[in-house]
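Asks: Need the 3D shape of this:
(one chain, ligands or ions: 2)
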Amino acid sequence: MEESKATTTKDNNIPLIDLSLLNSPNNFSSADSIASLAAEITEACETWGCFQVINHGVPVEQSRAIESASRQFFDQPKEEKKKVWRYERNPLGYHDSEITMNVRDWKEVFDFTVQNPTLFPASPDPHDLELRELVNQWPQFPPQFREVCEEYAKEIEKLGYQLLELLSLSLGLPRRRLNHFFKDQTSIVRFNHYPPCPNHPGQVLGVGQHTDSGALSILAQDDVGGLQVKRKWDGKWVPVKPNPHAYLVIICDIFQVWSNDKYESVVHRATVNSEKERISIVFFSYPAHYTMVEPLEELINDRNPPKYRPYNWGKFSAARRRSNFTKNNVGRIQIDHFKHPMLILKKVIWCLFVLFMLVENVLPQSDAEMLFNYETENLGTELQRLPATLIESVEALQKDNLLGNLVSEIFQKLKYKFGSQREFLPQPDQYSSTSLEKAESFYICFEGTSYSATSHGKRKTTSSKRIGCVHACAVKKSGIP
Ligand SMILES: O=C(O)CCC(=O)C(=O)O
Ligand SMILES: [Fe+2]
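Replies: Ligands and ions are numbered 1, 2, ... in the order given. The predicted structure is shown next:
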């Protein structure tokens with residue numbers, strides 16, 4: 001059989017990855033083609049933190065069936081939907097007032113777990129070891145709802161494992177390296193329904209900007225559009241164009257931690273529409289509640305130490321769920337809270353350093369700095385910045401084309417100006433008077449700093465060797481003498 005090669009095409013720039021290789025009828029795929037698929041995924045995750053997949057193996061009838069079932073469910077009156085109302089003790093079922101980042105979303109949701117029942121911590125309290133069984137709540141209507149959901153869950157879970165394995169390969173790990181975390185998975189499927197928002201569609205969000213907390217999310221959306229991802233390199237929102245054949249695969253917080261920031265979870269949000277309702281269906285791939293999430297040992301070393309402290313997925317998720325229910329002043333739990341304190345300290349020091357450099361550059365330079373960092377290709381204008389007495393002597397000496405004298409004179413002035421603070425060691429023998437004769441540019445800089453000149457249109461940079469003494473040189477337009 002002819003092997004289909006993994007291809008990446010661009011759709012709204014978000015990478016589109018063809019998984020037909022994994023889903024060919026006789027499942028024939030060579031190690032090479034799988035490796036090239038994994039390489040596409042590495043590239044997509046590093047640049048975007050998300051990618052779309054086509055030929056993913058989820059039967060189209062099942063995607064249609066679940067979309068139709070969710071639409072029928074949300075079309076019912078609120079009293080009917082409230083019969084499967086989700087509550088804090090059992091956060092599965094219907095809910096219409098979810099909060100993202102302390103702001104109410106313009107949406108209603110229905111959640112069910114892939115494993116039914118699912119074991120989960122009874123509370124976010126780390127000392128409370130009690131577990132609870134989360135049990136799916138199924139509505140009476142539409143009649144096939146439960147069956148359709150369970151069938152879909154099986155298919156999307158299969159795709160979830162395939163993606164997990166590809167992601168593992170994409171990080172240079174064995175294919176099944178991550179599978180065991182999902183033995184007692186707590187994954188859920190969520191239907192999001194965004195009713196039309198006639199009054200302020202521009203100011204209201206279906207879901208505010210956020211990252212997903214799990215390992216990966218696999219998202220299907222109808223043809224209305226509204227999902228946007230934040231582009232990593234310029235922070236611009238990019239709409240994810242609806243594609244009935246594609247899922248959007250979102251890298252979430254757990255992958256960010258596992259990969260020690262090699263992959264970063266992608267920030268996304270959903271806008272609303274003034275006329276049309278919108279549906280999205282998301283598979284949130286979550287590990288077992290007892291999973292300790294931490295950078296994978298194969299991906300850390302002395303030069304790349306772990307950036308996060310381990311955290312318990314069940315407790316983290318329980319705390320996150322609580323904040324989705326109630327507005328609070330505590331602030332939503334984030335993976336950043338598990339960043340190593342040393343890294344935070346390093347960041348603070350780095351910020352202070354950047355601030356210092358900014359202030360340094362904004363404040364007027366001292367004469368000394370002005371001289372030491374003096375770099376110009378136009379002697380006439382730039383000399384204005386030198387102290388008046390020095391300018392006079394430089395100009396006078398330049399007329400005589402006596403480079404040695406010029407250099408000595410400059411050093412004398414410097415010594416006079418800065419006294420014993422610094423030892424100035426002129427090196428006049430390094431310069432010939434001919435180099436000054438035709439010089440159009442003139443440099444004074446500290447040894448150890450770099451200076452540059454234009455030579456045949458190209459910029460050349462040279463570093464002085466000795467540190468602690470002043471170094472002066474004349475530069476012809478054609479290069480550094
Ligand atoms: O509906 C969408 O397109 C986005 C949904 C989402 O981000 C979520 O449910 O976490
Ligand atoms: Fe999300």
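Asks: Next, Phe284: secondary structure please.
Replies: strand (DSSP: H, G, I helix; E, B strand; the rest coil).
Asks: Distance check, it against Leu178.
Replies: Relative to Leu178, Phe284 is positioned 16 Å away (Cβ to Cβ, to the nearest Å). Where C-beta positions appear, they are placed from N, C-alpha and C, glycine not excepted.
Asks: same deal with Pro15?
Replies: In this view, Pro15 and Leu178 are 21 Å apart by Cβ to Cβ.
Asks: and what of Ala38?
Replies: 13 Å.
Asks: Ile335 versus the residue in the stretch 351-481 of the chain that ligand 1 sits nearest to, what's the distance?
Replies: Closest to ligand 1 within the stretch 351-481 of the chain is Cys351: 30.5 Å, counting by Cβ to the nearest ligand atom. Using Cβ to Cβ, Cys351 is found at 20 Å from Ile335.
Asks: Who has more neighbours out of those two?
Replies: More crowded of Cys351 and Ile335, by other Cβ atoms under 10 Å: Ile335, with 19 against 10.
Asks: And for the nearest residue to the more buried one once chain neighbours are set aside, the neighbour number?
Replies: Of all residues not flanking Ile335 in the chain, Asp253 sits nearest, at 4.6 Å (Cβ to Cβ, 6 or more residues apart in numbering). If you count neighbours by other Cβ under 10 Å, Asp253 ends up with 22.
Asks: To what extent is the closest residue to Thr118 other than its chain neighbours buried, counted in neighbours?
Replies: Distances taken as Cβ to Cβ, 6+ apart place Leu134 nearest to Thr118, at 4.5 Å, with adjacent residues excluded. When neighbours are counted by other Cβ under 10 Å, Leu134 registers 22.
Asks: Surely Val257 touches Ile335?
Replies: Yes - contact criterion Cβ atoms under 8 Å: Val257 and Ile335 qualify, at 5.9 Å.
Asks: wouldn't Phe182 be in contact with Ile254 here?
Replies: No - checked against Cβ under 8 Å, the pair Phe182 and Ile254 is beyond contact range at 10.9 Å.
Asks: neighbour count winner among those two?
Replies: Ile254 (25 against 21).
Asks: State the helix or strand in which the more buried one lies.
Replies: Ile254 belongs to helix 253-258 when assigned by DSSP states H and E.
Asks: ok, then the element right after that helix?
Replies: strand 268-271.
Asks: Contact residues of the stretch 201-350 of the chain facing ligand 1?
Replies: Proximity of the stretch 201-350 of the chain to ligand 1 (Cβ under 6 Å from any ligand atom) is limited to residues 207, 212, 219, 221, 227, 268, 270, 280, 282.
Asks: Next, count neighbours for the third one.
Replies: Yep, that's Leu219 we're talking about. Neighbour number of Leu219 under other Cβ under 10 Å is 23.
Asks: Run through the residues that contact it.
Replies: 227, 247-250, 280-283 (Cβ atoms under 8 Å, 6 or more residues apart in numbering).
Asks: do the fifth one as well
Replies: Contacts were defined as Cβ under 8 Å, 6+ apart; by that measure Leu227 touches 219, 221, 239-240, 248, 268-270, 280.
Asks: Try it again at 6 Å.
Replies: By Cβ atoms under 6 Å, 6 or more residues apart in numbering, the residues touching Leu227 are 221, 240, 270.
Asks: tell me the pLDDT at it?
Replies: According to the prediction, Leu227 has pLDDT 96.
Asks: where does the stretch 51-200 of the chain dip in pLDDT?
Replies: For the stretch 51-200 of the chain, applying pLDDT under 70 flags the ranges 99-103, 200.
Asks: what does it have sitting close to ligand 1?
Replies: Near ligand 1, when you scan the stretch 51-200 of the chain using Cβ under 6 Å from any ligand atom, you find 190, 192.
Asks: does the residue of the stretch 51-200 of the chain found nearest ligand 1 count as helix, strand or coil?
Replies: Closest residue of the stretch 51-200 of the chain to ligand 1, Cβ to the nearest ligand atom: Asn192 (4.4 Å). The three-state label given to Asn192 by three-state DSSP is strand.
Asks: Not counting residues beside it along the chain, what's closest to it?
Replies: Ser280 is the one closest to Asn192 (Cβ to Cβ, 6+ apart), at 4.6 Å.
Asks: Could you list the buried residues of the top helix by length along the chain?
Replies: Determined from DSSP state H, the single longest helix within the chain is helix 145-170. Residues of helix 145-170 classed as buried by neighbour count (16 or more other Cβ atoms under 10 Å): 145-146, 148-149, 151-153, 155-157, 159-160, 162-170.
Asks: for stretch 277-297, same thing?
Replies: Neighbour-count burial for stretch 277-297, counted by 16+ other Cβ under 10 Å, picks out 277-289, 291, 293-296.
Asks: How far does it stretch from one end to the other?
Replies: 45 Å (Cα to Cα, to the nearest Å).
Asks: Kindly provide the whole-number mean pLDDT of that stretch.
Replies: 97.
Asks: Skipping adjacent residues, who's closest to Asn304 in space?
Replies: Excluding the flanking residues, the one nearest Asn304 by Cβ to Cβ, 6+ apart is Asn260, at 6.3 Å.
Asks: Enumerate every residue touching the one you found.
Replies: Here Asn260 is in contact with 295, 299-300, 307 (Cβ under 6 Å, 6+ apart).
Asks: which of those sit farthest apart?
Replies: Within these, Leu299 and Lys307 form the most distant pair, 10.5 Å apart (Cβ to Cβ).
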